[in-house]
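# how would this look folded up:
(chains A and B)
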Protein chains: 2
Amino acid sequence: MRDAYHDELDGISHKLVEMTRLVRSAMDRATTALLDADARLAEEVISGDKAINKIDLEIEETVFDLMARQQPVAGDLRTLITSLRMSADLERMGDLAAHLAKTARRRHPESCVPPELQPTVLQMGQIAVRLVAKAGSVIASQDVAMGLELDSDDDAMDKLHRKLFDVLLSPKWKHGVEKAVDITLAGRYYERFADHAVHVAGDVVYMVTGQRPEDIIDEFS
Amino acid sequence: MRDAYHDELDGISHKLVEMTRLVRSAMDRATTALLDADARLAEEVISGDKAINKIDLEIEETVFDLMARQQPVAGDLRTLITSLRMSADLERMGDLAAHLAKTARRRHPESCVPPELQPTVLQMGQIAVRLVAKAGSVIASQDVAMGLELDSDDDAMDKLHRKLFDVLLSPKWKHGVEKAVDITLAGRYYERFADHAVHVAGDVVYMVTGQRPEDIIDEFS
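Below is the predicted model:
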């Protein structure tokens, strides 16, 4: 009985890793769709979001079912509750990738990213993709040290987000209000996406150690 | 023993209602701060967010503690898990009110809301405040019918959000990129705030009925 139970826990973990893979791919394509004004790619991301939502619901059902049947305590209970949270964060990250794709679709055939911002948006997309890939690796490996790294990895995103606003608000901005609105929203989506990835990794740290990342980092500093 | 346990469940519910009260007040002040460029009010909202975060952590601790000690099943388990979610949503709503306040503070002594948008932003603030007040009432009363109303109440917010963009993107917009960026972000904060309020009410519906709001609404339509 306990073995079947731990198989089910492993199943949840595999589904979470699968979600990070789908979300990574969605973010990757959404950034390309945004930069290249590629409507086909954008549609793929938007319609692909359903598959991510589906896994989220499956995980939720399994967790509720396990809780009701097995009445887990301590570590196992923590694993189940943090799994629910991670799943919700990843589901939201899928939504944010879809928001980016919708921004791309709305302006098609034009790109909403002017040339001088293309490298910044490209980098934001790359960091977002790396963060979620790393979060997936942290879930699979339960590597606490790697999980703790994401918080500082996210600093690079915040820096690029500020850079975006610097360009947008400089007197040299020549692309009008519509593009400024698009970029403002896109910047916000990337930044939130990265925050959620940091949360996912932090939840793994909490799951394994019973301590929040901020408490562990405080101990070392 | 069971009575002390249900007292603790009631305690969680009271804390959630208290959170809705604090969040409502924060949102109310943040909107005024934004419209009137009132830096003092903005500071109040920003520093007041700590109190909201504190309750969120307290609820989390109590839930984990109850789960470990009492091994609740079925309805009680659902109550505990949805309480965690509602608390997380309300905590996030406090953050969004603080984001609005920071936007107000950044542009002080100017208001970032131009005159032609003041009525729209005022209305968005009022709807946000009503939504969270209603969510609080739904938590306290466990009134499923009222809980189901929030989803359509939120339509008014979406309408105003679209109106904001119409004004922003019209050729008549004379307030430049900086104000457009501020309004874009503020609009997004209001819209997300309303979404979270709808989630909170939906979680009460789920807690009481064991069904998601969308499934119940489907049955009636």
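# can you pull out the helices in chain A?
For chain A, the helices defined by DSSP state H cover A:2-36, A:39-70, A:74-107, A:118-141, A:144-168, A:176-209, A:213-220.
# Show me the shaky parts of chain A.
A:1-2, A:217-221 (pLDDT under 70).
# can you list the residues of it near chain B?
By C-beta under 8 Å from any C-beta of the partner chain, the residues of chain A that approach chain B are A:64, A:67-68, A:71, A:73-74, A:77-78, A:81, A:84-85, A:88, A:165, A:168-169, A:173, A:176-178, A:180-181, A:184-185, A:188. Any C-beta I mention is one placed from the backbone N, CA and C, and that applies to glycine too.
# Repeat the analysis, applying 6 Å as the threshold.
A:67-68, A:71, A:73, A:77, A:169, A:173, A:177-178, A:180-181, A:184 (C-beta under 6 Å from any C-beta of the partner chain).
# Tabulate the helices of chain A (TSV), appending mean neighbour count.
Converted to TSV, these look like this (neighbours: other C-beta atoms under 10 Å in any protein chain shown):
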stretch	mean neighbour count
helix A:2-36	19
helix A:39-70	17
helix A:74-107	22
helix A:118-141	21
helix A:144-168	17
helix A:176-209	23
helix A:213-220	13
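# Redo the ones you listed as TSV? Include distance to residue B:13.
Compiled in TSV, those are given as follows (distance: least, C-beta to C-beta, whole Å):
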stretch	distance to residue B:13
helix A:2-36	29
helix A:39-70	20
helix A:74-107	19
helix A:118-141	33
helix A:144-168	33
helix A:176-209	25
helix A:213-220	28
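# Which of those sits closest to residue B:29?
With C-beta to C-beta as the measure, helix A:176-209 is the member of those nearest residue B:29 (22.8 Å).
# Just name whatever secondary elements the closest one is in contact with.
Judged by 3 or more C-beta pairs under 6 Å, 6 or more residues apart in numbering or on different chains; DSSP states H and E, the packing partners of helix A:176-209 are helix A:74-107, helix A:118-141, helix A:144-168, helix B:176-209.
# ok and it relative to helix A:144-168, angle-wise?
Helix A:176-209 and helix A:144-168 are oriented at 170 degrees to each other (axes from the mean of the first three to the mean of the last three C-alpha atoms, to 10 degrees).
# for helix A:176-209, the distance to its chain's centre please.
From the chain centre to the centre of helix A:176-209 is a distance of 7 Å (C-alpha atoms, centre = their mean, to the nearest Å).
# Minimum distance to residue B:94: which of the helices and strands packed on helix A:176-209 has it?
Judging these by C-beta to C-beta, what sits closest to residue B:94 is helix B:176-209, at 9.6 Å.
# Pipe the helices and strands packed on helix A:176-209 into a markdown table and attach distance to residue A:9 per row.
Formatted as a markdown table, these follow (distance: least, C-beta to C-beta, whole Å):
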| stretch | distance to residue A:9 |
| --- | --- |
| helix A:74-107 | 6 |
| helix A:118-141 | 12 |
| helix A:144-168 | 18 |
| helix B:176-209 | 24 |
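# List the residues that contact residue A:177.
By C-beta atoms under 6 Å, 6 or more residues apart in numbering or on different chains, the contact list for residue A:177 reads B:173, B:180.
# Equivalent analysis for residue A:200, please.
Per C-beta under 6 Å, 6+ apart, neighbours of residue A:200: A:86, A:89, A:135.
# Could you single out the nearest of the residues you listed to residue B:161?
Out of the contacts of residue A:200, the member with the shortest distance to residue B:161 (by C-beta to C-beta) is residue A:89, at 24.0 Å.
# Okay, that closest one and residue A:196: tell me how far apart.
Separation of residue A:89 from residue A:196 (C-beta to C-beta, to the nearest Å): 4 Å.
# Which pair of the residues of chain A next to chain B spans the longest distance?
Maximum distance among these (C-beta to C-beta): 59.0 Å, for A:71 and A:173.
# out of those two, which sits in the more crowded spot?
The residue with more neighbours, out of residue A:71 and residue A:173, is residue A:173; 19 against 15, by other C-beta atoms under 10 Å in any protein chain shown.
# Just send the residues of chain A next to chain B back as TSV, with distance to residue A:154 too.
Shown next, in TSV, are the residues of chain A next to chain B (distance: C-beta to C-beta, whole Å):
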residue	distance to residue A:154
A:67	31
A:68	36
A:71	37
A:73	33
A:77	28
A:169	23
A:173	26
A:177	29
A:178	29
A:180	24
A:181	25
A:184	19
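# nearest to chain B, of the contacts of residue A:200?
residue A:89 (10.4 Å; C-beta to the nearest C-beta).
# my guess is the closest one contacts residue A:195, does it?
No - between residue A:89 and residue A:195 there is no contact under C-beta atoms under 6 Å: 8.9 Å.
# wait, isn't residue A:114 in contact with residue A:175?
Yes - Residue A:114 is in contact with residue A:175 according to C-beta under 6 Å; the separation is 4.8 Å.
# Need the overlap of contacts for these two.
With C-beta under 6 Å, 6+ apart, residue A:114 and residue A:175 have no common neighbours.
# just to revisit the earlier point, mind checking the helices of chain A for the one nearest to residue B:152?
helix A:74-107 (21.1 Å).
# Next, the angle helix A:176-209 makes with the closest one.
Using the same axes, to 10 degrees: helix A:74-107 against helix A:176-209 is 170 degrees.
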